[in-house]
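**Student:** Below is the sequence, then the predicted model.
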Amino acid sequence: MKIRVVIVDDSPFVREVLRAGLARFPELDIVGEAGDGNSAERLIETLKPDVVTMDVVMPLMSGIDAIRRIMARRPTPIVVVSDARGGVDELMVQAIGAGAVDVFVKPTRGFDEAAAGHLAAVIRNAATARLPARPAPATPRPPSIDDVARRVASASIIGIVSSTGGPSVLHQIIAALPRGFRTPIAIVQHTAVGFTPALVSWLRESTRAPVEVGQHGRPMRGVVIAPDDHHMEVNRNKDIVLHRGPPVRGHRPSGTILLQSLAVHGRGAVGIVCTGMHDDGAAGLAALEAAGGLAIVEDPRTAMIDSMPRGAIAATQSPVVASVARIAELLQLAGTSA
């Protein structure tokens with residue numbers, strides 16, 4: 001089945017370049033184009049595409065405003081396609097916050113065959129996103145959760161892995177952390193190169209806890225996100241270890257590498273796998289659980305992309321499966337028990 005795509009960019013030249021590049025992929029059907037947010041909103045209502053590519057700087061209505069309006073009226077997977085001006089523009093982070101599924105940075109060397117293939121893969125990924133027409137109700141508190149709550153309350157280290165759709169999930173979790181939260185959280189989030197610093201800045205705005213990019217040899221404190229193109233581990237002393245080992249199942253940083261490293265903390269470790277494609281983090285979560293740690297997985301039924309959660313559930317013995325709202329609620333307990 002073909003994926004119906006609408007391209008939104010104020011530059012006719014850019015629209016033509018994107019259309020020509022994506023035409024190489026027979027599974028993608030470019031069904032329409034728009035040059036501003038107003039036109040895009042009307043076009044999407046009419047054409048009902050599977051995926052929209054969206055610039056963020058446009059006349060009449062910005063891409064950010066267009067994303068908010070589209071997600072409110074007819075939720076559709078949106079991939080932000082925009083320039084990287086000295087790194088990924090802060091507007092791209094705002095776009096994720098407004099509801100965009102993923103980010104593709106226009107390459108400075110031109111939209112060649114490799115870049116077209118990358119964008120096509122992002123679009124195929126986005127087409128599988130599950131976007132509810134209205135906020136899903138919070139998952140009811142499951143029965144017999146007391147033991148889980150105690151385990152989280154006594155946690156000494158937490159690891160979170162996410163991919164497509166992850167920035168919004170991380171924002172919801174980090175924003176819920178209480179003042180004085182002291183259990184360190186290590187995160188692997190698959191992003192476009194250059195996006196991590198902007199993501200860190202965005203998350204900082206939502207919490208009083210320190211949020212930073214991981215630095216080799218630094219002790220874990222607050223919330224630490226793996227840097228671009230480096231695996232991140234946390235050793236027995238809770239120091240950060242960065243290295244450029246081979247990608248694991250195509251990923252560097254790898255969520256599996258992070259969660260495997262947390263296994264040395266035994267029952268003090270909590271591992272969480274959230275939304276994303278493929279199965280990164282699954283093997284690492286299994287190793288953490290086997291060492292006595294607590295495995296938590298975002299409920300696939302409510303995840304934007306359910307592949308990583310389903311992979312993690314299949315790899316573990318008795319994971320706690322919960323909505324993001326419930327995960328955020330549980331993490332508020334971390335560090336409250338000796």
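**Tutor:** Thanks, I have the structure now.
**Student:** For the helix-or-strand element of the chain with minimal mean pLDDT, buried residues please.
**Tutor:** Within the chain, no helix or strand scores below helix 90-98, which has a mean of 79 by mean pLDDT, DSSP states H and E. Buried residues in helix 90-98, counted by 16 or more other Cβ atoms under 10 Å: 91, 92, 93, 94, 95, 96, 97, 98. Any C-beta I mention is one placed from the backbone N, CA and C, and that applies to glycine too.
**Student:** Over to stretch 238-257?
**Tutor:** Applying 16+ other Cβ under 10 Å to stretch 238-257 flags 238, 240, 241, 242, 248, 251, 252, 253, 254, 255, 256, 257 as buried.
**Student:** start to end distance for that stretch?
**Tutor:** Across its full length, stretch 238-257 reaches 15 Å between end residues, using Cα to Cα, to the nearest Å.
**Student:** Mean confidence (pLDDT) on it, please.
**Tutor:** Across stretch 238-257, pLDDT averages out at 94.
**Student:** contacting residues around it?
**Tutor:** 156-157, 159, 161-162, 184, 186, 188, 190, 214-220, 224, 226-227, 229-235, 261, 273, 278-285 (Cβ atoms under 8 Å, 6 or more residues apart in numbering).
**Student:** Restricted to helices, list those.
**Tutor:** 261, 282, 283, 284, 285 (DSSP state H).
**Student:** What segments of this structure are helices?
**Tutor:** Using DSSP H, helices in the chain cover 12-22, 37-47, 63-73, 90-98, 113-127, 146-153, 166-175, 196-204, 255-262, 282-290, 307-315, 324-331.
**Student:** CA atoms only for the fifth one, dumped as CSV, please.
**Tutor:** Written as CSV, here are the backbone C-alpha positions of helix 113-127 (Å, rounded to 0.1, in the frame of the first residue of the first chain):
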residue,chain,number,x,y,z
GLU,A,113,20.4,10.1,-3.3
ALA,A,114,21.6,9.2,0.2
ALA,A,115,19.6,12.1,1.7
ALA,A,116,16.5,11.2,-0.3
GLY,A,117,16.8,7.6,1.0
HIS,A,118,17.2,8.9,4.6
LEU,A,119,14.1,11.1,4.3
ALA,A,120,12.1,8.3,2.6
ALA,A,121,13.0,6.0,5.6
VAL,A,122,11.9,8.7,8.1
ILE,A,123,8.6,9.1,6.2
ARG,A,124,8.0,5.3,6.1
ASN,A,125,8.7,5.3,9.9
ALA,A,126,6.3,8.2,10.5
ALA,A,127,3.5,6.5,8.5
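**Student:** quick one: which of the buried residues of stretch 238-257 is nearest residue 3?
**Tutor:** residue 251 (23.5 Å; Cβ to Cβ).
**Student:** show me the contacts for the residue lying closest to residue 198 once chain neighbours are set aside.
**Tutor:** Nearest residue to residue 198 in three dimensions, chain neighbours excluded: residue 93, at 4.6 Å (Cβ to Cβ, 6 or more residues apart in numbering). By Cβ under 8 Å, 6+ apart, the residues touching residue 93 are 167, 195, 198, 199, 201, 202.
**Student:** From residue 103, how far out is residue 93?
**Tutor:** 9 Å (Cβ to Cβ, to the nearest Å).
**Student:** which neighbours do these two share?
**Tutor:** residue 195.
**Student:** ok, which stretches of the stretch 201-338 of the chain are strands?
**Tutor:** 211-213, 223-225, 231-234, 240-243, 269-273, 294-298, 320-322 (DSSP state E, counting those that start in this stretch).
**Student:** Which of those strands sits closest to residue 117?
**Tutor:** Among these, strand 231-234 sits nearest to residue 117 (Cβ to Cβ), with 24.5 Å.
**Student:** who touches the closest one?
**Tutor:** 157, 159, 184, 186, 188, 214, 220, 224, 226, 240-245, 248, 252-254, 257-258, 260-262, 265.
**Student:** Can you point out the buried residues in that strand?
**Tutor:** 231, 232, 233, 234.
**Student:** Mind telling me the two of these farthest from one another?
**Tutor:** 231 and 234 (11.4 Å).
**Student:** Tally up the residues packed near the closest residue to residue 253 other than its chain neighbours, please.
**Tutor:** Nearest in space to residue 253, with sequence neighbours left out and distances taken as Cβ to Cβ, 6+ apart, is residue 226 at 3.8 Å. Using other Cβ atoms under 10 Å, residue 226 has 27 other residues around it.
**Student:** For residue 226, give me the pLDDT.
**Tutor:** The model's pLDDT for residue 226 equals 97.
**Student:** My read is that it contacts residue 188, right?
**Tutor:** Yes: between residue 226 and residue 188 there is a contact under Cβ atoms under 8 Å: 4.8 Å.
**Student:** Mutual contacts of these two, please.
**Tutor:** With Cβ under 8 Å, 6+ apart as the test, residue 226 and residue 188 both reach 232, 253, 258.
**Student:** ok, those residues vs residue 113, which is closest?
**Tutor:** residue 253 (26.4 Å).
**Student:** For the most centrally placed residue in the chain, give me its contacts.
**Tutor:** Nearest residue to the geometric centre of the chain (Cα atoms, centre = their mean): residue 166, 1.8 Å. Applying Cβ under 8 Å, 6+ apart, one finds that residue 166 lies in contact with 189, 190, 274, 275, 276.
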